[in-house]
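Colleague: make a model of this:
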Amino acid sequence: MHGAEILIPIIAVGGFFTAVIVWVYMHYSSRHQERMALIETGKDAKIFDSPKRENKNALKLGIVAIMSGIGLFFGSVLDRFGMESEVAYFSMILLFGGIGLVGFYWLINHKEQSKDSDVL
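Modeller: This next block holds a predicted model:
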């Protein structure tokens, strides 16, 4: 390897970590400035506090993982019936993973609507 070729991966890795550090710094710095500006104007900074949520991400991840597994199964079935293996596996994983996400959306939306109707 020549001198310039060895610098490319070093610069790439260094640039990646530098970008991550700068992004984290900017995120927390701007958040702090926004909160200080709210406090100076006498407003409450509780708008930044996230409301108490249920752990929906674990449910979403579980549904998508199960549906992707079902997609793998159907991809292998289509592969055995003669469809190209790449097309069979990728299409079934994406199809069933998407169905899992839509199902999760409907489940959460239905749950929130029933909660709102109970309050009224």
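
Colleague: gap between residue 111 and residue 58?
Modeller: The gap separating residue 111 from residue 58 is 15 Å, by CB to CB, to the nearest Å. Quick note: C-beta positions are derived from backbone N, CA and C, even for glycine.

Colleague: quick one, which of those two is more surrounded?
Modeller: residue 111 (12 against 9; other CB atoms under 10 Å).

Colleague: okay, buried residues for the single longest helix found in the chain please.
Modeller: Under DSSP state H, the helix in the chain containing the largest number of residues is helix 3-40. For helix 3-40, a neighbour-count test (16 or more other CB atoms under 10 Å) marks nothing as buried.

Colleague: show me what it is packed against.
Modeller: Using 3 or more CB pairs under 8 Å, 6 or more residues apart in numbering; DSSP states H and E as the contact test, no helix or strand touches helix 3-40.

Colleague: give the next helix or strand downstream of it.
Modeller: Counting by DSSP states H and E, the next helix or strand C-terminal to helix 3-40 is helix 56-80.

Colleague: same for that next one, what does it pack against?
Modeller: Here helix 56-80 touches helix 85-119, going by 3+ CB pairs under 8 Å, 6+ apart.
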